[in-house]
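# Structure, please.
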Amino acid sequence: MKIWANSADSHFVEPMDVFRDHLPAELAERLPRSEKDSAGEYETIFVDGRSFRRKMPSRTRDEFLRTFPSPGGIRDARQRIVDNDGEGVWAEVVYPSMGLWNGMIRDPRLAREAARVANDWAIAEIQSVSPRLLPTAEISLLSMDDAAAEIERVADLGMRGVFLPTRPPAAVDLYNRDSWEPVWDAAETSGMVICFHIGTDTVDPTVADSQVVFRGPGGAVLNYVETSYGGQRAVAQMVTSGALDRHPGLTVLVSEGGASWVPFLGDRMNEAYRQHGAAVQPKLSMEPKQFLYRQVYTSFQHDVSAITALTGDGYRNVMWGSDYPHLEGTYGHTQKTLHELFDDQPVEVRERITQGAFEELFPGVPPVPVAA
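Presented below is the predicted three-dimensional model:
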């Protein structure tokens, strides 16, 4: 039996000329672009007069990418639908690629124009291809008024989610500050989901390989694990600052970070809220864990513990994600993964994770085909 599933996590590679074709040259040349060295071992990311260099994935990764049909669903939304149909993936949230580096922009005007162009392109080239594809909107991180205006604009054009890095740029307040209120208000009013993707803490270009936290034995695994924490920190900031309390209609998605952390984090926040109550500000209308269970959704690829978060801890906002096309994702073995995860689970558990939570977060998506 083919298990059809909605995916709360995927990626799309924008064309390198997307800004050049729609902005004056003096702006376009400052927006994100990448250059690879002749050997293909390193990539340099350039943004707004700054840059950083990072090692490219191994040849195993290159061999993996060659399994995609040319030009492949990483760049062509119509081919994405073909790829997804083969894998049993139905609707999916789509994150940008070059847009992940917008946190390095220092000019508010540049940030505003970059978001507008990127979103118009995503609407035309991804969203318009199929209602099954839900691209996330980019916004300025340097002007909350510009960000709120862009949220309202793209919501009117049919976009459903807003991408935010798990940690804003150093010059911008963290998510527990009131300066973000215009963004939370605009997203809640427009019905837009705040979408965090793990591993998107804003890069410090003054530090070589600033994404690398650990070196030496175990470094590859340690750095991968480290990416998980950013989404947890962002959510904790929104909960404890009262943002989700003040905006009960605001929903949050943390993609690719698993789900079993939600009950644990809720317990830890509850303990602090209770045991250190004299020092806690602001006071909330209910315990922190309840906001997590009510307004925060999460996605995973392979984690068996994510299912236990639902069946054992009562956290129902668990969603699956393919992480297309990344190596840690499921492309090429999606059905094998889904069957290993859900063959021994009750039908209602499988359907809640593969369909129900997604449809609840993004109402109106086309229904998943009947399994056959």
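# Give me the buried positions along stretch 130-139.
Buried positions in stretch 130-139, judged by neighbour count with 16 or more other Cβ atoms under 10 Å: Ser130, Arg132, Leu133, Leu134, Pro135, Thr136, Ala137, Glu138, Ile139. Backbone N, C-alpha and C define where each C-beta goes, glycine included.
# Which elements pack onto the helix or strand hosting Glu26?
Assigned by DSSP states H and E, Glu26 falls within helix 25-28. Helices and strands touching helix 25-28, by 3 or more Cβ pairs under 8 Å, 6 or more residues apart in numbering; DSSP states H and E, are helix 108-125.
# what about the residue of the chain positioned farthest from its centre, distance to Ala171?
Taking Cα atoms, centre = their mean, the residue of the chain most remote from its mean C-alpha position is Ala278, at 35.4 Å. Shown here: Ala278 relative to Ala171, a distance of 33 Å by Cβ to Cβ, to the nearest Å.
# Tell me the secondary structure at Phe52.
What DSSP: H, G, I helix; E, B strand; the rest coil gives for Phe52 is strand.
# Quickly list what it is bridged to.
With DSSP bridges applied, the residues forming beta bridges to Phe52 are Ile45.
# Surely it touches Ile45?
Yes. A contact is recorded between Phe52 and Ile45 when judged using Cβ atoms under 8 Å, the distance being 5.7 Å.
# Could you pull up the residues touching Thr298?
Taking Cβ atoms under 8 Å, 6 or more residues apart in numbering as the definition of contact, the neighbours of Thr298 are 231, 253-255, 257-259, 261-262, 306, 317-319.
# Could you check how far it is from Met269?
When distances are taken as Cβ to Cβ, Thr298 and Met269 turn out to be 16 Å apart.
# for Pro282, same thing?
Counting by Cβ to Cβ, the gap from Pro282 to Met269 is 14 Å.
# between the two, which one's more packed in?
Taking neighbours as other Cβ atoms under 10 Å, Pro282 and Met269 compare with Met269 leading, 20 against 9.
# any idea what sits nearest that one, other than its immediate chain neighbours?
Leaving aside its chain neighbours, Met269 sits nearest to Pro288 (3.7 Å; criterion: Cβ to Cβ, 6 or more residues apart in numbering).
# Now do the helices in the stretch 51-200 of the chain.
For the stretch 51-200 of the chain, the helices defined by DSSP state H, counting those that start in this stretch cover 59-65, 77-87, 108-125, 144-156, 181-190.
# Pipe these into a markdown table and attach mean neighbour count per row.
A markdown table is the format used below for those (neighbours: other Cβ atoms under 10 Å):
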| stretch | mean neighbour count |
| --- | --- |
| helix 59-65 | 12 |
| helix 77-87 | 18 |
| helix 108-125 | 20 |
| helix 144-156 | 20 |
| helix 181-190 | 20 |
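# and those helices as TSV, adding distance to Ile3?
Listed next are the helices of the stretch 51-200 of the chain as TSV, based on distance: least, Cβ to Cβ, whole Å:
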stretch	distance to Ile3
helix 59-65	23
helix 77-87	10
helix 108-125	28
helix 144-156	32
helix 181-190	32
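# Give me the buried stretch members for stretch 301-313, please.
With burial defined by 16+ other Cβ under 10 Å, the residues of stretch 301-313 counted as buried are Gln301, Asp303, Ala306, Ile307, Ala309, Leu310, Asp313.
# For the last one, give me phi and psi.
Main-chain torsions, Asp313, degrees, to the nearest 10: phi -110, psi 0.
# Against Gly191, how distant is it?
28 Å.
# repeat for the second one
Shown here: Asp303 relative to Gly191, a distance of 29 Å by Cβ to Cβ.
# With the fifth one instead?
Counting by Cβ to Cβ, the gap from Ala309 to Gly191 is 26 Å.
# cool, and the first one?
Taking Cβ to Cβ as the measure, Gln301 and Gly191 are separated by 27 Å.
# Check Ala236 too.
24 Å.
# Perfect, I'm done here.
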